[in-house]
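1. based on what follows, work out the 3D shape:
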Amino acid sequence: MAVKQASFFAPDLTVIGTVQSPGTLEIEGAVKGDLAVADLVVGPHGRLNARVGAGRLASAGTVAGTVKARAVAFLNGCHFRGDVEYEALSIDPDCDVDAAFHPVERGSQRMAVLPPVPEETFRLGSGRDAALAAAASRPPRPDRVTPASLPPSPTLPPSPTLPAGAAVQAPVEAPAALPPTPVAEATPAPEAAAPVPPAATAAAMS
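-> Numbering: from 1, shown residues only. Got it, this is the predicted structure:
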């Protein structure tokens, strides 16, 4: 028989939404939403507020909501409030259960959508152990970047050390030479008319 997938929700984990698993799911954290699981185990620290559809449910934690499962087992320490639809039911003596029970005949079409009851005998901690074993046997991802695979950082040269009290002066660039200013050529003044001698002027008037 093929080994089914196993998952584990740790005590510090809170899940809100829909959870689906074809294998075993052990919950020690908190879940609020819908669960469709082949084999659901709620540990002593587990807290569920959910609609559950499962082949088998075994709970030693706190569950509120509706449960539809082929086999239901309330273990010692369990607290349950809600509705239970089942084919097989067991309740340990040290349980706090306040529920509306709805037994269903085996083979009923109402249970046709549910997975079959797992053949393996459940135990608390089995989902956690299986999940840890699967994680340990899983090969590392080749595309995962680790610090050892990164190239070393380039080494920068050390900064020069200045003596104490030394002033740092930035180099000053000389201004660019300006082109010489063009000199305009002087325009020669017009020549003055030659003066007329007085005698010539008098002769011309007579």
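2. what about dumping the CA coordinates of stretch 36-45 to PDB?
-> C-alpha atoms of stretch 36-45 as PDB (Å, rounded to 0.1, in the frame of the first residue of the first chain):
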ATOM      1  CA  ALA A  36     -11.300  18.200   3.400                       C
ATOM      2  CA  VAL A  37      -8.800  15.600   4.700                       C
ATOM      3  CA  ALA A  38      -8.500  11.900   4.400                       C
ATOM      4  CA  ASP A  39      -7.300  11.400   8.000                       C
ATOM      5  CA  LEU A  40      -7.600  14.300  10.400                       C
ATOM      6  CA  VAL A  41      -6.000  14.200  13.900                       C
ATOM      7  CA  VAL A  42      -6.500  17.100  16.300                       C
ATOM      8  CA  GLY A  43      -3.900  17.100  19.000                       C
ATOM      9  CA  PRO A  44      -4.400  18.400  22.600                       C
ATOM     10  CA  HIS A  45      -3.300  21.900  21.600                       C
END
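3. now do the buried residues in that stretch.
-> Across stretch 36-45, burial judged by 16 or more other CB atoms under 10 Å covers 36-43, 45. (Glycine included, C-beta is placed from N, CA and C.)
4. just the strands in this protein please.
-> 6-9, 14-27, 30-42, 47-59, 62-74, 79-91, 96-103 (DSSP state E).
5. can I get the ones you listed in a markdown table including distance to Met111 and mean pLDDT?
-> Listed next are those as a markdown table, based on distance: least, CB to CB, whole Å; pLDDT from 0 to 100:
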| stretch | distance to Met111 | mean pLDDT |
| --- | --- | --- |
| strand 6-9 | 23 | 89 |
| strand 14-27 | 17 | 93 |
| strand 30-42 | 13 | 94 |
| strand 47-59 | 9 | 94 |
| strand 62-74 | 6 | 95 |
| strand 79-91 | 6 | 95 |
| strand 96-103 | 11 | 95 |
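6. now tabulate these in CSV and tack on distance to Leu114.
-> Putting the strands of the chain into CSV (distance: least, CB to CB, whole Å) gives the following:
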stretch, distance to Leu114
strand 6-9, 18
strand 14-27, 12
strand 30-42, 9
strand 47-59, 6
strand 62-74, 6
strand 79-91, 9
strand 96-103, 14
